[in-house]
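Peer 1: what shape does this take:
(chains A and B)
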Amino acid sequence: MAENTYQWPDASKRKLIGKRMNRVDGPVKASGRAKYTYDLVRPNMLYGDSVKCPYAHARVKSIDTSAAEKMPGVKAVHVIHGPDDGAKGEVFWAGTDIVAVAAVDEPTARDAVRAIKVEYEQLPHLVLNDKEPNLAEAEKSELYKVASKETVGDPNSAFQQSEVTHEGYYGSPVITHCCLETHGSVAEWPDKDHLFLHISTQNVPGIGEQVAKAIDMPASNVHVHQDHVGGGFGSKLGLDPWGVAAAQLSKKAGGVPVKMMLNRATELETAGCRPSAYARVKVGAKKDGTLLAWESYAWGSGGPGAPGSLAIPYVWKVPNQQKQYVGVVNHIGPSRAWRAPNHPQMCVITMGALDDLAAKLGMDTFDFVKKNIDLLDPRSKIYSEELDVANDLMQWKARWHPRGDSDTLGIPMEAISLQIGDNQYPPDSASGGSSTIGGVSSATFRAATDAKRQLIAKVAPALNAQPADLEVADGRVRVASDASRSLSWKEACSKLGAQTLTVRGTNPGEGDLTNSGVGGVQMADVSVDTETGIVKINKMVAVQDCGLVISPKQAESQVLGAMIMGVSYALYEEKVMDQTTGTMLNTNMDNYRLAGIGDVGELVVRLMTGPGYDERGVIGIGEPPTVSPGAAISNAVANAIGVRVPFLPLTPDRVLEALEKAQGEGGRA
Amino acid sequence: MSDQDSPKDSGISRRKFLKISAITTSAPLVLGPTVLEVEGQEVHVFGPGKVPIALNVNGKRLTANLEPRFTLLDALREKFEVTGPKRVCDRGTCGACTVLLDNKLVYACSVLAIEAQGKQIVTTDGLAPQGQLHPVSAAFVDNDAQQCGFCTPGFVMATKAFVDKHPNATPDEIARGLGGNFCRCGTYAGIKGAVAQLSGQQQKGGA
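Peer 2: All right, here's what the predicted structure looks like:
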């Protein structure tokens, strides 16, 4: 039974696929023996550090490194961003690297950085972006780019037909990746033409070529090595100035290794920046809940780069839409891909507006989604099944109450909310874009299939059979019709002689092994203390589709991790900027708060598997479950306190402000 | 960390320290601590240049010449290549550098190397012999309580000390007792599972 195509085995024939197994690199990590880039100590290694621009927008006028160069222990000084670099030395965010130094130890490198004098000309900056831009001004200003306008159907008459409409503000601020292993590298030159680079990256296959291009050398002369990466979340795909600087410092110091890892403050200020997204949204429906119309005026910051746009309403194919997006060019820092780029922000805006509309209709949001399920094409069926599963796990129908029903000041109030998410990504070669499991598992499977075919062809004569009559099972190669005619795996391999089989799997390749586009449903149950404004997560449920699950324990860990990261960005995370100085205020982990073990409540994950899901092949799951938690938690809080807290994170001050505003208006919205 | 006693400090109050620094700024650059008498007590003064230090790490005596401003964490990592403890926040917030110092949990980034002399230092690397897993590490593996793994060694140390003290922890005790460590990948569910597994083992007399 030689296979002619690549196919995942049927459920009855799966041996390891779908079994609960331990992570292969678990023991080396849990024993503290895993070596990350940050952990390396190479012979004669120097330590790099850098002068950073303290201004959000400035021009480098002059640099004096003479005092630093004379200091004992300083081995190399390299200007990264001088008066003639870029647009005449212009700097677009605070924390930009200006000059790098390498010294015998870290304290000496820090002393050298302090001895370097840089003169700047300060330029006007903008670092805030949560206020709605005035469109007339936006069209005149260089800082605002009207990026897109779009009309679908006939929004004007659809709003006229709407019996209930709702208008509100929704949004998420810029947050940072906060990788626990900061960005950085250890660079050395074994000889004058070859660079050996240890680098903390998600992109081992591609980073060497990027370095080579930056320092004008053949890519084949760059050897990149990394055993483990201490988190990336999308921020470690491209090359950074400090990666190049380490190589240049090493070269100047005669090739000895230079270790240059960012400190925590610089990591938070410059090495991760998820764009913000804010919107004023109007939605309209018939009394029976039929969703008719969407109107949005949205804006957000992608830092100094060209602004993108937002695909809202997210997932929902609302028949009539009027949309406008303004990109804000500002000096908050360079944006980077963040685990499902833009999707969590779009989900917060869309599901917040629809949840508020359902509340105004007097409908349970669960019923509202079911009523409009056809607008979730092409995944209406998946979402519908997931909603029912999530309902069971959360006991939604037993626990849901109309908004603000249990509303008594000072008493923690519970509420639940639901959320849907979606994701679609093309394959990628780096470990990003939720492509790892699809790319790796399919390529490995193809390679294994090829190896098996070649082995069978070699051993068939020994069993006096044709290759097509053989199968591999239970550690033996045997004749499919007569199991008594068999060889052990070891015996079979010995027939190969000295010639081992070398095969390489690829992805994409022949056979329909992977897929993309998944649906998930999440529900949150929260308590809100209306005297302190503190939000507490009681329970969250995630029901996630990801096609054929190769390794359930790790797939569940991905979903759990995404929910926990979601609690973090929903309740705590924000890159807090000061417009006066143009700098980030919370550049440490006391004030850039992550969720702790006591903050996440009870987490329940259900992966949709089995017939109807497995046939779709392997789909990445790193990103999709991060999409929904922010919206689910925001909606649960709105349900609990009776008013919407417009922008994430749902910090106590924002919760209290929303409550006060509602009381000032003489009642709850 | 919250229910741990703070480690013994160097015995120098801020007021005394100011007095001493006034004396030492005029002292010549010497190796080894200078012993001064302050208010009737002997006080060791290190630096300002490099000083010889000796640490007892995972049962081994390790020596180096270091500036007194080196933290225990940086000495372990950069001088002795003991890299289980990680540098993440570098200011006593995240717990990634958690080690045992005379059987008390400390953040190694917030202890000076010179102050850790004469004490038993245990890091995750030293919990079990090479090739073996300590039961706490094994429980982390079984419960998939590590993703990128960078917070894991610190969490393993915190969990070991926590479980030793609270063999049958309640969820509230876990939230407080392990609240001094942060994970970015979100492995808390796995860590709770590891604590539950270890509690079960202890009830049966294992671990």
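
Peer 1: isn't residue A:645 right up against residue A:633?
Peer 2: No: with contact defined as C-beta atoms under 8 Å, residue A:645 does not reach residue A:633; the gap is 10.1 Å. Backbone N, C-alpha and C define where each C-beta goes, glycine included.

Peer 1: do a quick rundown of the helices in chain B.
Peer 2: Assignment of helices within chain B using DSSP state H yields the ranges B:14-24, B:72-74, B:135-142, B:152-165, B:171-177, B:188-203.

Peer 1: pull the contacting residues for the residue nearest the centre of chain B.
Peer 2: Against the mean C-alpha coordinate of chain B, by C-alpha atoms, centre = their mean, the closest residue is residue B:99 at 2.7 Å. Residue B:99 sits next to B:72, B:76, B:85, B:105, B:106, B:108, B:121, B:122, B:123, B:157 when contact means C-beta atoms under 8 Å, 6 or more residues apart in numbering or on different chains.

Peer 1: need the max-distance pair from the residues you listed.
Peer 2: Looking at the contacts of residue B:99 by C-beta to C-beta, the two members farthest from one another are B:76 and B:105, with 15.2 Å of separation.

Peer 1: of the two, who's got more company?
Peer 2: Using other C-beta atoms under 10 Å in any protein chain shown, the more surrounded residue of residue B:76 and residue B:105 is residue B:76, with 28 against 24.

Peer 1: closest one of the contacts of residue B:99 to chain A?
Peer 2: Of all these, chain A sits closest to residue B:123, with 6.4 Å by C-beta to the nearest C-beta.

Peer 1: and the closest one, what does it touch?
Peer 2: A:32, B:57, B:58, B:76, B:82, B:84, B:85, B:99, B:100, B:153, B:157.

Peer 1: could you do residue A:535 as well?
Peer 2: A:526, A:527, A:528, A:571, A:633, A:637, A:650, A:652, A:655.

Peer 1: look up how far residue A:656 lies from the fifth one.
Peer 2: When you say that, I think you mean residue A:633. From residue A:633 over to residue A:656 the distance is 17 Å, taken as C-beta to C-beta, to the nearest Å.

Peer 1: the more surrounded of these two?
Peer 2: Taking other C-beta under 10 Å, residue A:633 and residue A:656 do not tie; residue A:633 has more neighbours (29 against 17).

Peer 1: and residue A:445, what's its pLDDT?
Peer 2: pLDDT, residue A:445: 61.

Peer 1: let me fix that, I meant to ask about residue A:244.
Peer 2: Confidence at residue A:244, expressed as pLDDT, is 94.

Peer 1: for it, helix, strand, or coil?
Peer 2: Put simply, residue A:244 is helix when judged by DSSP: H, G, I helix; E, B strand; the rest coil.

Peer 1: hang on, isn't it packed against residue A:212?
Peer 2: No: if you go by C-beta under 8 Å, residue A:244 and residue A:212 don't touch, sitting 10.3 Å apart.

Peer 1: which parts of stretch A:218-225 are buried?
Peer 2: A:222, A:224 (16 or more other C-beta atoms under 10 Å in any protein chain shown).

Peer 1: just the terminal-to-terminal distance for it.
Peer 2: 17 Å (C-alpha to C-alpha, to the nearest Å).

Peer 1: hang on, residue A:219 packs against residue A:207?
Peer 2: No: counting by C-beta under 8 Å, residue A:219 stays clear of residue A:207, with 10.3 Å between them.

Peer 1: ok so, going back, from the contacts of residue B:99, pick the one nearest residue A:459.
Peer 2: If you rank the contacts of residue B:99 by distance to residue A:459 using C-beta to C-beta, residue B:123 comes first, at 49.9 Å.

Peer 1: for the closest residue to that closest one other than its chain neighbours, phi and psi?
Peer 2: Nearest in space to residue B:123, with sequence neighbours left out and distances taken as C-beta to C-beta, 6 or more residues apart in numbering or on different chains, is residue B:84 at 4.5 Å. Main-chain dihedrals, residue B:84, degrees, to the nearest 10: phi -60, psi -50.

Peer 1: how many neighbouring residues does residue B:84 have?
Peer 2: Using other C-beta under 10 Å, residue B:84 has 28 other residues around it.
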